[in-house]
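A.B. asks: how would this look folded up:
(chains A and B)
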Amino acid sequence: NAGVTQTPKFRILKIGQSMTLQCAQDMNHNYMYWYRQDPGMGLKLIYYSVGAGITDKGEVPNGYNVSRSTTEDFPLRLELAAPSQTSVYFCASSYTSGTVSYEQYFGPGTRLTVT
Amino acid sequence: AQSVTQLDSHVSVSEGTPVLLRCNYSSSYSPSLFWYVQHPNKGLQLLLKYTSAATLVKGINGFEAEFKKSETSFHLTKPSAHMSDAAEYFCVVAGGGNKLTFGTGTQLKVEL
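C.D. replies: Residues are numbered from 1 along each chain as shown, chains lettered A, B, ... in the order given. Take a look at the predicted model:
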């Protein structure tokens, strides 16, 4: 299993540009997540999905959009990049059943700089 | 709602000495708790997890943590630090929908 994969590893964007961060998992997990990590801070949840076709906002969703057309893929879209979106972005997945919380598996991250 | 407080932003130990990374949590119900480690420029790796079974949880690389409900704590320990343990450690609590709330992290430095 490749686990959780993310592309690209690094990206520099100009203000106002758009891009899509790709995330895929091959563990047949139902839940997927997008986080951002800023220096000196823990990870903050941007969006999450409990299954194909279902997404919901996390703690910091503004400026981002997601879709989940398949179990495996969960892309994150930045429409109008702003310097405040400079961060490291992590995708994660987990299997969740009822109220039992299983561990999340993280991808290697995408380092995004907006200038 | 749940929250996590990591009491030390930086911890420095000598190689071969014990490690203690402190974490307090707040949760309105019986929590699931995790410790993750992040090495420089890497993703997060699960060290150990507590999900209401044994209160003393053993993880990878000799780490363990004890869940203390009366103290709302979940401190991470290791008897003897190794240079390779130098990394950032996150205490995490899981809420509804398996949404994780992360602490702000503890940077562990291991000196010779």
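
A.B. asks: and residue 61, how many neighbours?
C.D. replies: Picking chain A for this. 16 (other C-beta atoms under 10 Å in any protein chain shown). All C-beta atoms are positioned from the backbone trio N, CA, C, and that covers glycine.

A.B. asks: Sorry, I should have been clearer: chain B.
C.D. replies: Residue B:61 is flanked by 12 other residues according to other C-beta under 10 Å.

A.B. asks: and it, how far is that from chain A?
C.D. replies: 16 Å (C-beta to the nearest C-beta, to the nearest Å).

A.B. asks: Could you give the bridge partners of the residue in chain B positioned nearest to chain A?
C.D. replies: Relative to chain A, the nearest point of chain B is residue B:102 (3.1 Å; C-beta to the nearest C-beta). Counting by DSSP bridges, residue B:102 is bridged to residue B:92.

A.B. asks: Equivalent analysis for the one 4 residues further on, please.
C.D. replies: With DSSP bridges as the criterion, residue B:106 is bridged to residue B:89.

A.B. asks: Give the residue spans of chain A that score low on pLDDT.
C.D. replies: Across chain A, the ranges flagged by pLDDT under 70 are A:99-101.

A.B. asks: should've said chain B
C.D. replies: In chain B, residues with pLDDT under 70: B:96-98.

A.B. asks: Close to chain A: what parts of it are there?
C.D. replies: Taking C-beta under 8 Å from any C-beta of the partner chain as the contact definition, chain B meets chain A at B:4, B:9, B:32, B:34, B:36, B:42-46, B:49, B:51, B:90, B:94, B:97-100, B:102-105.

A.B. asks: check contacts around residue 7.
C.D. replies: By default, I'm working from chain A. Under the criterion of C-beta atoms under 8 Å, 6 or more residues apart in numbering or on different chains, the contact partners of residue A:7 comprise A:21, A:22, A:110.

A.B. asks: Hmm, no, I was thinking of chain B.
C.D. replies: Applying C-beta under 8 Å, 6+ apart, we find residue B:7 in contact with B:22, B:23, B:24.
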